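Student: For reference, the sequence and a predicted model appear below.
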Amino acid sequence: MVRNIVVLGGNSHPKFVDHVCEFLGVPPSSRVLDQFSSGETRCEIQDSVRGKDVYIIQSFGVGTGPTTVNDYFIELCIMISACKTGSARRVTAVLPLFPYSRQPDLPYAKAGAPLSVSARPAGAGRPDYTFESVPATPGPSVPRTIGFSNGVDLADIVSKASLARGFPLHLPSAAANITSHPQQQAHFTTHDYENPTLIMAVQAKAGYKQWVAQAGSLAADLITCAGADRVLTCDLHESTYQGFFDIPVDNLYGRPLLKRYIQQNIENYKDAVIVSPDAGGAKRATAIADSLGMPFALIHKERRPTKITERQKATMMLVGDVASRVCILVDDLADTANTITRAAKLLKNEGALRVYALLTHGVLSGDAIARINASALDRVVVTNTVAQDVHAAACPKLVVLDMSSMFAEAIRRVHHGESISVLFQYD
Ligand SMILES: O=P(O)(O)OC[C@H]1O[C@H](OP(=O)(O)OP(=O)(O)O)[C@H](O)[C@@H]1O
C-alpha cells in the first residue's frame, strides 16, 4: 500500500482508475463530478487533499453519450484546480492518452475534429469501404488521376475565381488539358498541387486564407495554469510535445506490452515483418523491430498532405518485402482506422499472409470499428489507455492489453521520487 497519496478519477475511464487503485492498494477518492443542466461541469472533492500527493487520472477517448473529449478536458482542469485550492502538496495529471497531442502544428478539418464521424447514415447496411489510395499508386498500368484528389472541379474553381477577381486566371497547361479533353487522362503531377495558380484558385474558392489553430500548446498551457505540477502520459504522438510544458512530463511506452504480445502470440515471429504505416511512426516501429531482431518495412505516403483530411487521399507505397510473410503494423494510435485498414489492404495485395495491427491507443472514433471489421486486418491489438469495452463488444478482431499496472508502478515511482526511465531500461 502506498501512503499519503490520493488518486482521483475523472469520468472518462473509471475501470482504468479502479485497476490502478487496486495495484496501488488505495481506494479511489470520493468526489462529485457531474454537470449542471446548463452543461457546466461541477466538481467537489469529498476527501481531504491537504498536504497530499494527488494523482488525477483522466483519459481522452471518444466520449460516451453526449460527453465529448472537451468535456473531459474541462473536468480535468477543474479537478486540478480544486485540488490546488484544497492545499494539495503536488498534483500530477495522469493522462494515459494525452488530449490534443496530434495538433501541435497540424491543421484540422474546418468542419470539426480531424476525420470525425462518417456521414454514412446509421443502419445503412454494410459500408462499401474500398481502402483504395486516391490517387492510386502511380505505375505502368495505373493512369494518373485528374486534378485534386478530393474531387474539386478545377475548371469551376478557376472560372469562379476569375469572376471574383475581375481578371482571367489560367489553369496550368496539364490541368487545362483536362478541361478541354475531359475523357483524356491528364499528365498531372504531384508538383501541380503546389502550382501557385491552383493554390490561388482554391483559396479564392474558400474566400479566405485558412488560418489554423495550434491547439496543442494551448492544451499544455491550460493544464499548467490549472495547477498541475507534473504530467504522466503514454506514447505521446509527438515526443517533442514534452517541450511545450515547463513542468516535468513523464512519457511511458506501450512498447513492452506490444513486444510481449508479439513474442507470446505470433508463431515464428522472427519470420514476420514489422511495418510502420507511415513515416511519422517509423522510429517507434523500428525500435520494436530492432529489439526483437525482426525485419522492417515502411509504408510511405507519396504526397505529404497539407491537411489532415487529405491523409485519407494520399497515395501509399510499400518500401520493403512482405510477400508470404506475416505483417505486424505498429503505430501509436488508430483514430478513424483509415491508416491501418488501407495499409492492411496494401500489404495483402503485396502478398502478406496475415496482417496484425498493434497500437498503443485505440481511439477508434466514428465508424472505425465497422471499417476494421470490413478490412483485410486479421487482428487489431490495442491497450486500454482508452476505454475499450464498447469497441471490444462490436469487434471480434480486437484484443485489449492492460496498461494499468504500468501506470500504477509509474505513480508509485513518482510518489517515492524514483526513476521512471528504469522501467524501460531493458526494453
Ligand atoms: O486512424 P487514423 O484516423 O488514420 O489516424 C491514425 C494515424 O494518425 C496519426 O498520425 P498522423 O497522420 O497524425 O501523422 P504523423 O504520424 O505523420 O505525425 C497516427 O500516428 C496514425 O498514423
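Tutor: Alright, I've got the coordinates. Keep in mind that what you see is a predicted model, and the values were worked out from it rather than measured. Numbers count the residues shown, from 1 in each chain.
Student: okay, residue 129: pLDDT?
Tutor: Residue 129 is assigned 75 on the pLDDT scale.
Student: quick one, phi psi at the closest residue to it other than its chain neighbours?
Tutor: Take residue 129 and drop its neighbours on the chain: the residue closest to it by C-beta to C-beta, 6 or more residues apart in numbering is residue 374, 5.3 Å away. From N, CA and C alone the C-beta is placed, and that goes for glycine too. Dihedral pair for residue 374: phi -90, psi 0, per degrees, to the nearest 10.
Student: ok, now how distant is residue 374 from residue 345?
Tutor: Using C-beta to C-beta, to the nearest Å, one obtains 11 Å as the distance from residue 374 to residue 345.
Student: more crowded one of the two?
Tutor: residue 345 (20 against 15; other C-beta atoms under 10 Å).
Student: Please, which helix or strand holds the more buried one?
Tutor: helix 338-349 (DSSP states H and E).
Student: What helices and strands are in contact with that helix?
Tutor: strand 316-319, strand 326-334, strand 354-362, helix 368-374 (3 or more C-beta pairs under 8 Å, 6 or more residues apart in numbering; DSSP states H and E).
Student: average pLDDT for that helix?
Tutor: 95.
Student: Pull out the buried residues from that helix.
Tutor: 338, 339, 340, 341, 342, 343, 344, 345, 346, 347, 348 (16 or more other C-beta atoms under 10 Å).
Student: Can you verify residue 50 is assigned to a helix?
Tutor: No - per DSSP: H, G, I helix; E, B strand; the rest coil, residue 50 lies outside any helix segment and is coil.
Student: tell me the SS of the closest residue to it other than its chain neighbours?
Tutor: Once flanking residues are discounted, residue 50 sits nearest to residue 87: 4.4 Å by C-beta to C-beta, 6+ apart. Look at residue 87: counting by three-state DSSP, its state is coil.
Student: roughly how far apart are residue 87 and the ligand?
Tutor: Here the distance between residue 87 and the ligand works out to 40 Å (C-beta to the nearest ligand atom, to the nearest Å).
Student: Tell me if I'm right that that residue and residue 54 touch.
Tutor: No - taking C-beta atoms under 8 Å as the definition, residue 87 is not a contact partner of residue 54, at 10.3 Å.
Student: what residues does the helix holding residue 345 touch?
Tutor: 115, 129, 131-133, 275, 277-278, 299, 311-312, 316, 318, 322, 327, 329, 331, 334, 355, 357, 359, 371-372, 375-377, 380 (C-beta atoms under 8 Å, 6 or more residues apart in numbering).
Student: Out of these, which end up buried?
Tutor: Using 16+ other C-beta under 10 Å, the buried ones in these are 115, 129, 131, 133, 275, 277-278, 299, 311-312, 316, 318, 322, 327, 329, 331, 334, 355, 357, 359, 371-372, 375-377, 380.
Student: That's all I had, so thanks and see you.
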